[in-house]
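# Just to be clear, the model below is a prediction. Sequence and coordinates:
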Amino acid sequence: MTEPYLTTVLREAEHVAEQHEQVARTTDNQAHEYLRYAVLRILEGQADHLPTGWTPIDGVTVGYGSDDAMFDSWSASEDWWETVPPQEACTRFRVFFPDDHQTVPRDIVDVMAALGAWRVWTGSAAACGSYDHRERREVHFLWPEGHPVEEVLHERLSGPAEAVAPDGGRTGDVRDRLVVDENAESQDDFEPRTKRAVAEAMDVSLLSKGGRYEVQSASGNRYEVDVIDESCTCPDWQQRSPEGGCKHLRRVDHEIKRGRVPRPDGRLPSP
């Protein structure tokens, strides 16, 4: 029974990546987040791709988070953590369902089995201090990062490297036009301004397909970089337009070429 559900999870995760990529904008592992969000949408009956004959269960909702983080929040008040200690690098799915079900609904079991998760606890939602505990039960599943299902999705999202131009085919390969040398072996090989841009603490995330990125500097300021137009909203670019780009444009260029952020067309970096 797990094969149709696995196909459903993967298809929905691909849909999330295409239509709701913002859910993974600030995460280190986009594929992992797309899978988690896909499970939530499927079990809540909101997914565009559901198995044939699927009948959503009224009252099913899903929460998830790092198992370590949940343990840090609840361990002082919930003694059932002693049954299964927190697991490193695992997501804990909390699936709520109406308590008129004598057992965990089969659709929940099948979806989580397809994902490769295992059940660790079932009981009254009130035992978890849930704000929505009336007439509800709860089942917990653990799912490890790096599971083979995650790798399968990563391959499906990346696709053949030669099939997609990094900038969506709008103006050629943007990586050929920017300032960081792909063949540079170390930061010592960079031009001084680029070296400073690479070394400085910055967070880079894709804002939208077509090459728009957000850069948050160490000071907390946020700027928008367009790698297609080769522009930035920072004062340095607006006032001086330095040759080769400001430090934010250079840093985005570096992150793209090193495969640390999605490519300008929105696809995940190739492995």
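Yep, that arrived.
# got the contact list for residue 222?
Neighbouring residues of residue 222 by C-beta atoms under 8 Å, 6 or more residues apart in numbering: 214-216. Where C-beta positions appear, they are placed from N, C-alpha and C, glycine not excepted.
# Please report which of those has the highest neighbour count.
Using other C-beta atoms under 10 Å as the neighbour test, these are led by residue 215, with 25 neighbours.
# what kind of secondary structure is that one in?
Under DSSP: H, G, I helix; E, B strand; the rest coil, the three-state class of residue 215 is strand.
# And it, how far from residue 206?
For residue 215, the distance to residue 206 equals 11 Å [C-beta to C-beta, to the nearest Å].
# picking that back up, I'd like the contacts of residue 222 written out as CSV, with distance to residue 59 and pLDDT added.
Output for the contacts of residue 222, formatted as CSV (distance: C-beta to C-beta, whole Å; pLDDT from 0 to 100):
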residue, distance to residue 59, pLDDT
214, 37, 89
215, 42, 90
216, 39, 88
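# name the element residue 69 belongs to?
Of the helices and strands defined by DSSP states H and E, residue 69 is found in helix 67-74.
# for residue 62, that is, sorry about that
Counting by DSSP H and E, residue 62 is part of strand 61-66.
# Quick one: list the elements packing against the host helix or strand of residue 157.
Using DSSP H and E, residue 157 maps to helix 148-158. Applying 3 or more C-beta pairs under 8 Å, 6 or more residues apart in numbering; DSSP states H and E, we find helix 148-158 packed against helix 2-19, helix 30-43.
# Output stretch 191-201 as PDB, nothing but the C-alphas.
Included here for stretch 191-201 are C-alpha records, laid out as PDB according to Å, rounded to 0.1, in the frame of the first residue of the first chain:
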ATOM      1  CA  GLU A 191      39.800  39.700  -6.200                       C
ATOM      2  CA  PRO A 192      40.100  41.700  -2.900                       C
ATOM      3  CA  ARG A 193      36.500  43.100  -3.000                       C
ATOM      4  CA  THR A 194      35.100  39.700  -3.700                       C
ATOM      5  CA  LYS A 195      37.200  38.200  -1.000                       C
ATOM      6  CA  ARG A 196      35.700  40.600   1.600                       C
ATOM      7  CA  ALA A 197      32.100  39.800   0.300                       C
ATOM      8  CA  VAL A 198      32.700  36.100   0.600                       C
ATOM      9  CA  ALA A 199      34.200  36.300   4.100                       C
ATOM     10  CA  GLU A 200      31.600  38.700   5.600                       C
ATOM     11  CA  ALA A 201      28.600  37.200   7.600                       C
END
